[in-house]
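Novice: kindly return the folded structure for what I paste below:
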Amino acid sequence: LLFFARHVERRISACWLGHQASKGVGGAARAEMGRAYWLRHRMLHFLQNFVYYVSNEVIAPRWLEMDERMRAAGDADELHALHEAFLDACLRECLLASQDLLSLLMKLMTTCLLFSERMHEAMSAAEAASEAAADAH
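Specialist: This is a model prediction of the structure:
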């Protein structure tokens, strides 16, 4: 899930770059794009915070705890139990233990990915139309 979240974050960031290139657009088109800019901003904010939370607030501290306990472990069974406890804690704290929450997170990220794809298509179409208009003059 973390890798997927990072992938979606990168795609939304690429969408941001496209939006930066369209800042020169004026008039009604700019006003209409404002809603898309706002939505992209909210999606990127969510994804960045989710990735930060999972990476820095859950996995990293649990990893350090497990590493410390593993150094004191006596046998392979203890190591296995520590690893299982680490995985369980990460699942619980990353909101992945609940199938409903996992499904919701996947839907949110899939929606963000679809948004980035549609915005890329729209920006490409607008760019092509702009070039065609410039060639016509």
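
Novice: state the mean pLDDT of stretch 106-123.
Specialist: Stretch 106-123 shows a mean pLDDT of 92 in the predicted model.

Novice: tell me, which helix in the chain spans the most residues?
Specialist: In the chain, assigned by DSSP state H, the helix with the most residues is helix 99-136.

Novice: what residues sit buried inside that helix?
Specialist: Neighbour-count burial for helix 99-136, counted by 16 or more other CB atoms under 10 Å, picks out 105, 108-109, 112-113, 115-116, 119, 123. C-beta here means a position set from N, CA and C on the backbone, and glycine is covered the same way.

Novice: could these go into TSV alongside distance to W38?
Specialist: Listed next are the buried residues of helix 99-136 as TSV, based on distance: CB to CB, whole Å:
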residue	distance to W38
L105	22
L108	17
M109	19
C112	14
L113	18
F115	12
S116	15
M119	12
M123	16
